[in-house]
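Asks: I would like the atomic coordinates for the input below:
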Amino acid sequence: MKFNLVFIFYSCLLGILVGVVASLFLGVVNALIHLVWTTLPETFDSTWYPLWMGATGGVLIGLFQKYIGDYPKTMHETLHEFQETGRVTYEGAIIKNSSAALLVLTFGASLGPEAALVSILGGLMTWIGDRMTWTIHKKEQLLELGIGAMLATIFYAPFVGVSEAIEEGIAERRFQSKLTKALLYGITTACGILAFTLLNRLFPSASVFGISTPEVNWTREVLYFLVPAILIGAGFGAVFLLLGRWTDQLAIKYSSPLGLAISAGLAIGLFGIWSPYFLFSGEHELLDFSKEALDQSILFLVLLALGKALLTNICFSFGWRGGKIFPAIFSSTSIGFAFAVLFPYTPGLLVAVAVAASCTVILKQPFVTATLLLFLFPLQFFPFILFVAILIKRTSIRIEGSIK
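Replies: Residues are numbered from 1 along each chain as shown. Alright, predicted model coming up:
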C-alpha cells in the first residue's frame, strides 16, 4: 500500500513534468514561428517570402539530416522502441530530437509537434527511471503513463492515452488491474493537462485546437447523406495514405538528403504563397478555418484538403520529420466541409462522420480516433463518430482478410 501511494505521488510529478515540458517546448516553437512568419515579414515585405523561408529551412534541415541523422524520431518509432525494449533512448537523442523538431516546425512544415514531444519526454522519463531503484517493471509502467499523458496533453484529449495503450496492446502487459491502470492514467493525465494549461498562460495566447460547427439543427435529410459522407471520408483517408506511399517511393529514388529537404522547402514556400492554411500543422488554424469554411467554394476546400495531404507527405518523406495527426485532421475537416457545402443538412454531423472515417483509415486506430475527436465536435455527435470509427476498422479488416 505504501509503495502504491509512492507510485501515485510519482505519477502526479510525472504528469506535471509532461505538462511543463510540453508547454515550454510549444512556447518556444510558437515564439520562433512568430519571429519568422510575423515579425520578419514586416521588415522584408515580399510575395515570395514563404519561398525564401522554405528554401532556407530546406538547406538547414538537409544538412542536419545528412550529417546528424533522421531526427526527430516519429511517434510510432518511439512507441515501437518502447514496446520492444521498455525504454526510449536518451543518450544524445534528446538534444538531436529537440533541435531537429524546432527547425521543422519553425520553417512552416505541414507537420505536428507530437513526434518530437513523445520522443523527448520518453527519453527524459527513461533517464529519470534509470536513476531510480525500482524494478524494470515499475519503470516501464511509469514510462507508459508518461507517454499516455503526453498524447492526452498535446491533443487536448484526456482519454487518448488510454486508447493508444489499449490499441497498441501495451497496457495489458504492464498493469495487472484495469482499474489501477485507469486510475493512474487519470491522475497522470489530469496533472499534465493542469500544468500545461497553467503554464500556457505565461505565453501569448493562440487559437485553441477545435472545430467550429454551425448550431446543431437536426434535419431528417441528413440521414440520406450520412453514408455518402462516410464513403467520402474513407476515400480521402485512402488517398492520404496513397500519397504517403507515393512520396516515400519518390524519396527512395533520390538519395540526397539535402536535395530532398530543399525540394520539400520549396514546396512549402509555393503552397504557402497560395494559402497560409497550408503552412504548419493546422492545430492553431483549424478553429478559424472552420468558422469560415462553409462560405468557401467546394473547389477551394477540395484543393486545400488534397494540397495539405500532399504537402504533409512530401515534408515527412523528404526529411522534414514530424507528426501527421494534426494535418490529417485539418485536411479531413476540409474535405468534410466540402461535402457539407454541397449538402447543407446538419452540416456539423456530416463533417464529423467524414473526419471520423478519414482519420480512422489514416491512423488505423478507431478508439484513438474517437477520443481525439471527442471534444472537437458537439458531444451529441460522439455516438456517430465512435460508430463510424469502429465500422471503418471492421470493414477494413474484412477487406484485408478477403484479399489474403
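Asks: ok, Phe375 touching Phe155?
Replies: No: counting by Cβ atoms under 8 Å, Phe375 stays clear of Phe155, with 9.6 Å between them. Where C-beta positions appear, they are placed from N, C-alpha and C, glycine not excepted.
Asks: can you pull the poorly scored residue ranges out of the stretch 201-350 of the chain?
Replies: 203-209, 214 (pLDDT under 70).
Asks: hang on, the earlier thing: more crowded one of Phe375 and Phe155?
Replies: Each of Phe375 and Phe155 has its neighbours counted (other Cβ atoms under 10 Å); Phe155 has more, 24 against 17.
Asks: just the CA coordinates of stretch 290-309, formatted as CSV?
Replies: What follows is stretch 290-309, C-alpha atoms only, in CSV (Å, rounded to 0.1, in the frame of the first residue of the first chain):
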residue,chain,number,x,y,z
SER,A,290,-13.8,26.0,-39.6
LYS,A,291,-15.6,29.3,-38.9
GLU,A,292,-15.4,30.4,-42.5
ALA,A,293,-15.3,27.0,-44.3
LEU,A,294,-19.0,26.9,-45.2
ASP,A,295,-18.6,30.2,-47.0
GLN,A,296,-15.8,28.9,-49.2
SER,A,297,-16.2,27.3,-52.6
ILE,A,298,-16.2,23.5,-52.9
LEU,A,299,-13.3,23.6,-55.3
PHE,A,300,-11.1,25.6,-52.8
LEU,A,301,-12.0,23.2,-50.0
VAL,A,302,-11.2,20.1,-52.0
LEU,A,303,-7.9,21.6,-53.3
LEU,A,304,-7.0,22.6,-49.8
ALA,A,305,-7.6,19.1,-48.5
LEU,A,306,-5.7,17.4,-51.2
GLY,A,307,-2.9,20.0,-51.2
LYS,A,308,-2.5,19.8,-47.4
ALA,A,309,-2.4,16.0,-47.6
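Asks: buried sites along that stretch?
Replies: Ser290, Ala293, Leu294, Leu301, Val302, Leu304, Ala305, Leu306, Gly307, Lys308, Ala309 (16 or more other Cβ atoms under 10 Å).
Asks: stretch 94-111 now?
Replies: 94, 96-98, 100-111.
Asks: now list whatever residues contact both of Phe375 and Phe155.
Replies: Shared contacts of Phe375 and Phe155 (Cβ atoms under 8 Å, 6 or more residues apart in numbering): none.
Asks: that older thread, closest one of the buried residues of stretch 94-111 to Cys191?
Replies: Nearest to Cys191 among those is Ile94, at 21.8 Å by Cβ to Cβ.
Asks: wait, what's in contact with the closest one?
Replies: Applying Cβ under 8 Å, 6+ apart to Ile94 gives the contacts Ile120, Gly123, Leu124, Trp127.
Asks: pretty sure the first one contacts Val21?
Replies: Yes: counting by Cβ under 8 Å, a contact exists between Ile120 and Val21, whose distance comes to 6.8 Å.
Asks: give me the more crowded residue out of those two.
Replies: Taking neighbours as other Cβ under 10 Å, Ile120 and Val21 compare with Ile120 leading, 26 against 22.
Asks: list phi and psi for the more buried one.
Replies: Main-chain torsions, Ile120, degrees, to the nearest 10: phi -70, psi -50.
Asks: pLDDT at it, what is it?
Replies: Here the pLDDT value assigned to Ile120 is 86.
Asks: please apply the same query to Ile170.
Replies: On the pLDDT scale, Ile170 gets 44.
Asks: and if you look at the one 3 residues further on?
Replies: In the predicted model, Arg173 carries a pLDDT score of 48.
Asks: hmm, back to that, so of the buried residues of stretch 94-111, which ones are in helices?
Replies: The members of these that map onto helices under DSSP state H are Ile94, Lys96, Asn97, Ser98, Ala100, Ala101, Leu102, Leu103, Val104, Leu105, Thr106.
Asks: picking that back up, ok, the buried residues of stretch 94-111 vs Leu258, which is closest?
Replies: Closest to Leu258, out of all of the buried residues of stretch 94-111 and judged by Cβ to Cβ, is Leu103, at 13.6 Å.
Asks: how is this structure partitioned into domains?
Replies: The chain is divided into the following domains under automatic domain parsing: 2-200, 222-403.
Asks: for Gly210, find the nearest of the ones you listed.
Replies: Per Cβ to Cβ, nearest to Gly210 of the domains of the chain: domain 222-403, 4.9 Å.
Asks: starting at the chain centroid, how far to that closest one?
Replies: 11 Å (Cα atoms, centre = their mean, to the nearest Å).
Asks: and if you look at stretch 72-85?
Replies: 15 Å.
Asks: what residues does that stretch touch?
Replies: 87-89, 93, 96-98, 100-101, 104, 114-116, 118-120, 122, 143-144, 147, 164, 168-170, 321-323.
Asks: centroid-nearest residue for this structure?
Replies: Ile325 (3.1 Å; Cα atoms, centre = their mean).
Asks: just to revisit the earlier point, TSV for the domains of the chain, including distance to Gly210?
Replies: Shown next, in TSV, are these (distance: least, Cβ to Cβ, whole Å):
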stretch	distance to Gly210
domain 2-200	8
domain 222-403	5
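Asks: of the contacts of Ile94, which is the most crowded?
Replies: Ile120 (26 neighbours).
Asks: who's in contact with that one?
Replies: Val21, Phe25, Pro72, Ile94, Asn97, Ser98, Ala101 are the contacts of Ile120 under Cβ under 8 Å, 6+ apart.
Asks: the stretch 51-200 of the chain: helices as residue ranges?
Replies: 75-85, 93-106, 114-130, 136-154, 160-168, 171-174, 178-200 (DSSP state H, counting those that start in this stretch).
Asks: flag every buried residue along the helix or strand following the last one.
Replies: It refers to helix 178-200. Following helix 178-200 in sequence order, the next helix or strand is helix 222-253 (DSSP states H and E). By neighbour count on 16+ other Cβ under 10 Å, the buried set for helix 222-253 is 222, 225-226, 229-230, 232-234, 236-237, 239-241, 243-244, 247, 251.
Asks: what's helix 222-253 packed up against?
Replies: helix 298-317, helix 325-342, helix 347-363, helix 382-403 (3 or more Cβ pairs under 8 Å, 6 or more residues apart in numbering; DSSP states H and E).
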